[in-house]
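Trainee: requesting a structural model of the entry that follows:
(chains A and B)
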Amino acid sequence: MKRTIMCGQLNSKNIGETVVIQGWVAKTRDLGGVIFIDVRDREGIVQAVANENLDKDSFKVAESLAREYVVQITGEVKPRSSETINKNIPTGEIEVIATNVVLLNKAETPPFEIEADIDTNEQVRLKYRYLDLRRPDMQKNIIMRHKIAKIARDYFDENGFLEIETPMLTKSTPEGARDYLVPSRVNPGHFYALPQSPQLYKQLLMLSGMDRYFQIVRCFRDEDLRADRQPEFTQMDLEMSFVDQDDVISINEGLIARVMKEVAGVEVKTPFVRMPYNVAMQKYGSDKPDTRFGMELVDTSDVFLGSGFKTFSDIVSKVGSSARAICVKGGVDKLSRRDLDALTDFVKIYGAKGMAWINVCEDELKSPIAKFLTKQETDALLSKTEAEVGDTILFVADKNKVVFDSLGALRCELATRLNLIDKSLYNFLWVVDFPLLEYDDTEKRYTAKHHPFTAPNDSDISLMETNPGEVRAKAYDIILNGNELGGGSLRIYNTELQEKMFKLLGFTTDEAWARFGFLMEAFKYGTPPHGGMAYGLDRFAMILAGADSIRDVIAFPKVQTASEVMSNAPNVVDIKQLEELHIKVVE
RNA sequence: GGCUCUGUGGCUCAGUUGGUUAGAGUACCGCCCUGUCACGGCGGGGGUCAGGGGUUCAAGUCCCCUCAGAGUCGCCA
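Mentor: This next block holds a predicted model:
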């Protein structure tokens, strides 16, 4: 007998039908003469009933059932009497009166309950990930992830994109993240790199005339993990020919609107806000601002400049440094002295030396720094920060990077602590006009903010020679609730400009050609203007699932040491394997 | 590489200023029970207190090291 329907699909429309269900025993309630068996599959749970109607052999089987046994139950779908309807489950109006019960497989008692919302340690869940994935909330996440990918494929297909696979064994390019390397057996001493992204291949596909490309593709970066970073992760990657920034943005807004509607049931308004990078930094201290709450940064440098508060006035007199503030509404009551000390420790994580604060009380300002400031100066601070009685103003003064990093993070930390975030909001926005380059103090050279193939703004090209740090790029990131969902750019499509870019990054012509010669060579053969973008599918799924970690939307994720606790990868391999790969073992 | 947190039956936790035989809930096992859905009743088994070392008359508890996991800074073009 074959399965006729999934457990979770049964409802009152099936009343009177004889059905065959197959699944796992979620729970049994054995009352002696009648046994209730909750049978679970991917779609849900339904109650089967073994009672006097059942033949003796089947009843014996029913009595022997335990959690997670695999069963097949044949029976008639019957309505429950009104007093036994279970409103807690979707199938609660009906039950399957068993006429045959078959045990397909026994099971050990699982190490944790196979149900939603368990608080079992993640380490244990990951060790038995195959059981964790049997839990309804994990199944929901994985199904939702599938839906996002499915919608993307449909959407891209409808809009003329071709899904094209690019190689997994590629050439290592030391710019950017650390590569995962794969030794070549056939070429002793040579290594492939697993792709950090299909960047160069998709650009070459544009040159090939594929016009529009997309791929849902695994990417690899050998860097430390975070709650939202795994060493292997999935990009929804796309590239388009003969487009400008508006074209790329609008096609992606269409995709996002569709995903939000069909997966989250949320109508998002397009077009999304576009915020220049500089504005994002000034107002939010971040290039991925969370705009679900206020507490924007305010520049108070001019007030402190020349003031009696030497610590700050010295700092703000330096170029590239500033004193900025955020105003916490009602902070006087909400933040204790102990909280302020904790927040000071918090900003120190980001390199700040300390944090100054002013409590705006009814008749006076309570603050360790007020005594160094004139009335005129404190009035200016209050008016700039729009502080009112009861508010607390928090200040950090340092190099701009430290000020932005610490206050940007502090703003988010306070929003979480003080519960200021409306969780029902989905605030999408584009951050645009990124700088093309940023200066790396340790390497004493410019590095690409986005990547070396990103095109500079036409009007800024002349600055490349004179003031590289000021050059803006045709790059854009899509931000959702303070998370970088994805990003992209228009690309450089002529060899001379690409060479110029590499030069700025400190490559000699020879070095550039050694690494990226195939690309620059290709560019000579008629490259269309093109650009594209890539999303972190895991992050998108994480946010829509309401999860705190991308591990919750990845079937078999890795832990912080980049290992996999279920299979114990990575592992030590046979010396023979290493020898074949020409890798010498040093004892 | 740095900082912070966590580790006690299968799971989730309690365990006081160091002081009898380390407890609870749940899960598990046995018996009973014909309308339960957190079923119920009676009975039962289960602990290298992450590992190692130290202090002490005495360590789950204090100290040191190691291991494992989480968050985060650096890092992530």
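Trainee: excluding chain neighbours, what is closest to the closest residue to RNA strand B within the stretch 451-587 of chain A?
Mentor: With CB to the nearest atom of the strand, the shortest gap between the stretch 451-587 of chain A and RNA strand B falls at residue A:560, namely 2.8 Å. All C-beta atoms are positioned from the backbone trio N, CA, C, and that covers glycine. Spatial nearest neighbour of residue A:560, chain neighbours left out: residue A:225 (5.0 Å); criterion: CB to CB, 6 or more residues apart in numbering.
Trainee: mind listing what the one you found touches?
Mentor: A:231, A:558, A:559, A:560, A:562 (CB atoms under 8 Å, 6 or more residues apart in numbering).
Trainee: mind running it again at 7 Å?
Mentor: Residues counted as contacts of residue A:225 (CB atoms under 7 Å, 6 or more residues apart in numbering) are A:231, A:558, A:560, A:562.
Trainee: repeat that for residue A:229.
Mentor: Counting by CB under 7 Å, 6+ apart, residue A:229 has no contacts.
Trainee: now the nearest residue to residue A:34 once chain neighbours are set aside: phi and psi?
Mentor: Nearest in space to residue A:34, with sequence neighbours left out and distances taken as CB to CB, 6+ apart, is residue A:51 at 4.5 Å. As for residue A:51, its main-chain torsions (degrees, to the nearest 10) stand at phi -140, psi -160.
Trainee: tell me how many other residues surround residue A:51.
Mentor: Residues lying near residue A:51 (other CB atoms under 10 Å) number 14.
Trainee: for RNA strand B, what are the nearby residues on the stretch 101-250 of chain A?
Mentor: A:109, A:111-113, A:118-124, A:175-178, A:196-197, A:199, A:221, A:223-229 (CB under 7 Å from any atom of the strand).
Trainee: and those, which are buried?
Mentor: Among those, those classed as buried by 16 or more other CB atoms under 10 Å are A:196, A:197, A:199, A:221, A:225, A:228.
Trainee: any idea how far residue A:99 is from the third one?
Mentor: From residue A:199 across to residue A:99, the span is 60 Å (CB to CB, to the nearest Å).
Trainee: so what's residue A:27 bridging to?
Mentor: Note on residue A:27: beta-bridge partners residue A:38, judged by DSSP bridges.
Trainee: quick one: pLDDT of it?
Mentor: pLDDT recorded at residue A:27 is 96.
Trainee: next one: the one 5 residues further on
Mentor: Among the per-residue scores, residue A:32 holds a pLDDT of 92.
Trainee: same check on the one 4 residues further on?
Mentor: Note for residue A:36: predicted pLDDT of 97.
Trainee: host element of the closest residue to it other than its chain neighbours?
Mentor: Spatial nearest neighbour of residue A:36, chain neighbours left out: residue A:29 (4.2 Å); criterion: CB to CB, 6+ apart. Secondary structure from DSSP states H and E places residue A:29 in strand A:18-30.
Trainee: and the contacts of that strand?
Mentor: A:1-5, A:7, A:35-41, A:45-46, A:63, A:65-77, A:96, A:114.
Trainee: one more time with 6 Å
Mentor: Applying CB atoms under 6 Å, 6 or more residues apart in numbering, the contact partners of strand A:18-30 are A:1, A:3-5, A:7, A:36-41, A:45, A:65, A:67-74, A:76-77.
Trainee: narrow those residues to those in strands?
Mentor: A:36-41, A:45, A:70-74, A:76-77 (DSSP state E).
Trainee: drop anything exposed from those residues.
Mentor: Those of the ones in strands among the contacts of strand A:18-30 that meet the buried threshold are A:36-41, A:45, A:70-74, A:76-77, by 16+ other CB under 10 Å.
Trainee: point out where chain A drops to low pLDDT.
Mentor: Along chain A, the parts satisfying pLDDT under 70 run over A:586-587.
Trainee: one step back: the strand holding residue A:29: how far from the chain's middle?
Mentor: 37 Å (CA atoms, centre = their mean, to the nearest Å).
Trainee: for it, buried residues please.
Mentor: A:19, A:20, A:21, A:22, A:23, A:24, A:25, A:26, A:27, A:28.
Trainee: now do stretch A:104-117
Mentor: So stretch A:104-117, judged by 16+ other CB under 10 Å, has buried residues residue A:114.
Trainee: okay, now the domains of chain A?
Mentor: With domains defined by automatic domain parsing, chain A comprises A:7-105, A:122-274+A:528-587, A:293-417, A:435-472+A:494-527.
Trainee: how about residue A:142, secondary structure?
Mentor: helix (DSSP: H, G, I helix; E, B strand; the rest coil).
Trainee: all strands of the stretch 451-587 of chain A, in order?
Mentor: Secondary structure of the stretch 451-587 of chain A (DSSP state E, counting those that start in this stretch): strands located at A:475-480, A:483-490, A:530-536.
Trainee: what pairs with the longest one, parallel or antiparallel?
Mentor: Right, the one you point to is strand A:483-490. Counting by DSSP bridges, strand A:483-490 is paired with strand A:475-480 (antiparallel), strand A:530-536 (antiparallel).
Trainee: how about it, does it get close to RNA strand B?
Mentor: No. Using CB under 7 Å from any atom of the strand, strand A:483-490 never reaches RNA strand B; the gap is at least 8.9 Å.
Trainee: what sits up against that strand?
Mentor: A:245, A:288, A:450, A:454-455, A:474-475, A:477-478, A:531-535, A:539-540.
Trainee: for residue A:548, state which of these is nearest.
Mentor: Closest approach to residue A:548 among the contacts of strand A:483-490 (CB to CB): residue A:539, at 11.9 Å.
Trainee: ok, the closest one - contacts?
Mentor: A:228, A:483, A:485.
Trainee: got the contact list for the first one?
Mentor: What that stands for is residue A:228. Contacts of residue A:228 (CB under 6 Å, 6+ apart): A:539, A:550.
Trainee: and it, what are its phi and psi?
Mentor: phi -110, psi 20.
Trainee: would you list the buried entries among the contacts of residue A:225?
Mentor: A:231, A:558, A:562.
Trainee: now the residues you listed in JSON lines, with distance to residue A:500?
Mentor: Shown next, in JSON lines, are those (distance: CB to CB, whole Å):
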{"residue": "A:231", "distance to residue A:500": "34"}
{"residue": "A:558", "distance to residue A:500": "39"}
{"residue": "A:562", "distance to residue A:500": "37"}
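Trainee: ok, residue A:472 to residue A:460 distance?
Mentor: With CB to CB as the criterion, residue A:472 and residue A:460 are 5 Å apart.
Trainee: can you tell me the closest non-neighbouring residue to residue A:329?
Mentor: Nearest non-adjacent residue to residue A:329, counting by CB to CB, 6+ apart: residue A:391, 5.6 Å away.
Trainee: that neighbour touches residue A:360, doesn't it?
Mentor: Yes. Here residue A:391 lies in contact with residue A:360, judged by CB atoms under 6 Å, at a distance of 5.0 Å.
Trainee: between the strand holding residue A:29 and strand A:35-41, how big is the angle?
Mentor: Here the directions of strand A:18-30 and strand A:35-41 differ by 120 degrees (axes from the mean of the first three to the mean of the last three CA atoms, to 10 degrees).
Trainee: dump strand A:18-30 to PDB, restricted to CA.
Mentor: Provided in PDB are the C-alpha atoms of strand A:18-30 (Å, rounded to 0.1, in the frame of the first residue of the first chain):
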ATOM      1  CA  THR A  18      -9.900   5.800   3.700                       C
ATOM      2  CA  VAL A  19      -6.300   7.100   3.800                       C
ATOM      3  CA  VAL A  20      -2.800   5.600   4.200                       C
ATOM      4  CA  ILE A  21      -0.400   7.800   6.100                       C
ATOM      5  CA  GLN A  22       3.300   7.200   6.800                       C
ATOM      6  CA  GLY A  23       5.500   9.000   9.200                       C
ATOM      7  CA  TRP A  24       7.100   9.200  12.600                       C
ATOM      8  CA  VAL A  25       5.300   8.600  16.000                       C
ATOM      9  CA  ALA A  26       5.400  12.000  17.700                       C
ATOM     10  CA  LYS A  27       3.700  10.700  20.800                       C
ATOM     11  CA  THR A  28       1.400   8.000  22.000                       C
ATOM     12  CA  ARG A  29      -1.300   8.200  24.600                       C
ATOM     13  CA  ASP A  30      -2.100   4.600  25.700                       C
END
